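I'd like to go over a predicted model; first the sequence, then the structure.
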Amino acid sequence: MTERKHRDRLADAVRKLIEHAVVSEVSDDEAAEIAAQLEDIDERLLRHPRGGMPRKVLPDFNDLQAIFRGDPVIGEHNPIAPPVAVELVDGVIRGSANLGAPYEGPPGYVHGAIIAATFDMLLGLANVASGNPGMTGTLTVRYRRPTPLHTDLSFEARTGERTGRKVIAKGTLHANGEITAEAEGVFIVLELDRAMQYFSDDAGQS
């Protein structure tokens, strides 16, 4: 098993732990025992601090998630990220997911904020794939009907027209063969020098 698969497994285990912590009923005594065990595990992880976040570069379109492993939306190594798998197919970003209790909004349905965050990420990836990398200016999500939990979901995102530095990307979300949400984002295309500034090793540091 490669190092990446080990890290994927660790994130999946924590992701399951989060879900079970949300839905399980345990006694106070058992909860205290489990908490103590998790605190011990946390101490073990703290012994191995990361030297720094890896610098982000343009992604490998054959493995879109490779550069975004710590991302809070699609990061395979980030346990808070929804389990959304993404790929580029014929110029279209496709995402697939099956979301459980940690992502619940209305009873039995996915929280709208989770849907919006996923659209934001996938629309941005569609722009990168089309040669128009940029930052989100506005994002509009139309919720057509509630999106059910524990259901196979399909996202699509693609880039549309570009006017000057503004590019529009659009996306859809399907569940059980029906559109449950649509999104349209206006993105500001980054000039090369500004992109290098944002993605430099010193970005975000004061």
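Looks like it came in fine.

longest helix of this structure, counting residues only.
Taking DSSP state H as the criterion, the chain has its longest helix at helix 3-23.

show me where this protein has its strands.
84-89, 92-97, 134-143, 153-163, 166-175, 178-189 (DSSP state E).

residue most distant from the centroid, this structure?
residue 29 (35.0 Å; CA atoms, centre = their mean).

wait, doesn't residue 112 sit right on residue 142?
No - using CB atoms under 8 Å as the test, residue 112 is too far from residue 142 to be in contact (10.7 Å). The C-beta positions use only the backbone N, C-alpha and C, and glycine is treated the same way.

go through the longest helix of the chain and flag the buried ones.
8, 11, 14, 15 (16 or more other CB atoms under 10 Å).

can you tell me what sits against it?
1, 38, 69, 75-80, 83, 100-102 (CB atoms under 8 Å, 6 or more residues apart in numbering).

one more: stretch 100-108?
With CB under 8 Å, 6+ apart, stretch 100-108 has contacts from 15, 18-19, 22-23, 82, 110-114, 146, 148-150.

was I right about residue 170 contacting residue 182?
Yes - here residue 170 lies in contact with residue 182, judged by CB under 8 Å, at a distance of 7.4 Å.

show the backbone phi and psi for the residue nearest the centre of the chain.
Residue closest to the average C-alpha location in the chain (CA atoms, centre = their mean): residue 73, at 1.6 Å. Backbone torsions of residue 73, given as degrees, to the nearest 10, read phi -110, psi -50.
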